[in-house]
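K.L.:
My questions concern the predicted model and sequence given below.
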Amino acid sequence: MAARLLGNASSALQKSLARLSSGSKVSSASDSAAGVGISLKFGAQVNRIQAAIDNVGNAAAYSQTQDGFLQKIGNALDRMSELSMLAQDETKTDSDRALYDKEFQKLDDFIVSLGNKDFNGVSLFHNGSSLTVTVAPDGTSMTLASVNVAGSADFTALAAASNSVLSSTSAAAALNTVKTAITDFTEHRANVGSNLARLSAEGSALAVQKDNISAARSRISDVDVATESANFARQQILVQSGTAMLAQANVLPQSALRLIG
């Protein structure tokens, strides 16, 4: 009996030591068959949630890049509208307007170049197609509002070669074109802003979901160090006392043999 009890205590001590060293309460399927299955399922879900968080983060970076370029386009349009107004000053000569037009055309070229930018090979503005982002571990997705700058009618009109401030009349026409383009770009920035707001909300929700699923998994698979340390100390005492008692139990037959001898 002493040997059997010592064996049980030794086995329990080894299991406790394995739990403390690995940090896992379920070191093998025999410890908790259901716990292993549930833990694996939760682990896979946590990984999918993290992948969705990465998707949302990349989409947010994409939208932030869009917004940064749109801001620069907006600044250029502001200056172009100012130049259009200055060129309508009747105290200016055609030579003066030609100088204004140089800057006007350079800003126009700048806007055209930004309209064809891409993000990791994905067009930011040109095709105006909607971007679909997977935002949940079950595959649920959302569609970002499209931003079709390079292909919009207002942008095309703005980039027309005839658009200039070389005369008072052409400057007035250019001003109307720029004002329309500013209205168009304002809508684009609002779309990008709404995309960023939605992505931020989705990212926060995914982070909360990941924390809760991770906590549920931890309760199943992670060892409670305080409790297991106490159990480890208990098993150590039982092994030591069991070893001593087994040695003592072996002394009794030896005493009997000495009497016979």
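P.N.:
Looks like it arrived, so ask away.

K.L.:
Remind me what the helix or strand hosting Gly37 packs against, helices and strands.
P.N.:
Assigned by DSSP states H and E, Gly37 falls within helix 33-86. Other helices and strands packing on helix 33-86, by 3 or more Cβ pairs under 8 Å, 6 or more residues apart in numbering; DSSP states H and E, are helix 94-114, strand 118-119, strand 131-134, helix 168-221. Bear in mind the C-beta positions are built from the backbone N, C-alpha and C, glycine included.

K.L.:
Okay, now the sheet partners of the shortest one, with direction.
P.N.:
This points to strand 118-119. strand 122-123 (antiparallel) (DSSP bridges).

K.L.:
Distance from the partner strand to the middle of the chain?
P.N.:
20 Å (Cα atoms, centre = their mean, to the nearest Å).

K.L.:
if we look at it, which residues are touching it?
P.N.:
Strand 122-123 is touched from outside by 62, 116-117, 129, 131, with contacts defined as Cβ atoms under 8 Å, 6 or more residues apart in numbering.

K.L.:
Any idea how many residues pack against Asn55?
P.N.:
19 (other Cβ atoms under 10 Å).

K.L.:
For it, give its distance to Leu144.
P.N.:
Using Cβ to Cβ, to the nearest Å, Asn55 is found at 12 Å from Leu144.

K.L.:
Spit out the residues that contact the two alike.
P.N.:
Common neighbours of Asn55 and Leu144 (criterion: Cβ under 8 Å, 6+ apart): Val133.

K.L.:
What is the burial count for Ser95?
P.N.:
Neighbour count for Ser95, taken as other Cβ under 10 Å: 7.

K.L.:
I'd like to know how far Ala98 sits from Phe104.
P.N.:
Distance from Ala98 to Phe104, counting by Cβ to Cβ: 10 Å.

K.L.:
With neighbour numbers in mind, choose between the two.
P.N.:
More crowded of Ala98 and Phe104, by other Cβ under 10 Å: Phe104, with 26 against 15.

K.L.:
which intervals of the stretch 151-261 of the chain have sub-threshold pLDDT?
P.N.:
151-162, 221-225, 227-228, 232, 252, 254-261 (pLDDT under 70).

K.L.:
no wait, the stretch 1-150 of the chain
P.N.:
In the stretch 1-150 of the chain, residues with pLDDT under 70: 6, 9-10, 12-13, 16-36, 126-129, 150.

K.L.:
Spit out the contact partners of Pro137.
P.N.:
Pro137 is in contact with 45, 48-49, 51-52, 209, counting by Cβ under 8 Å, 6+ apart.

K.L.:
With respect to Leu124, which of these is nearest?
P.N.:
Ala52 (22.7 Å; Cβ to Cβ).
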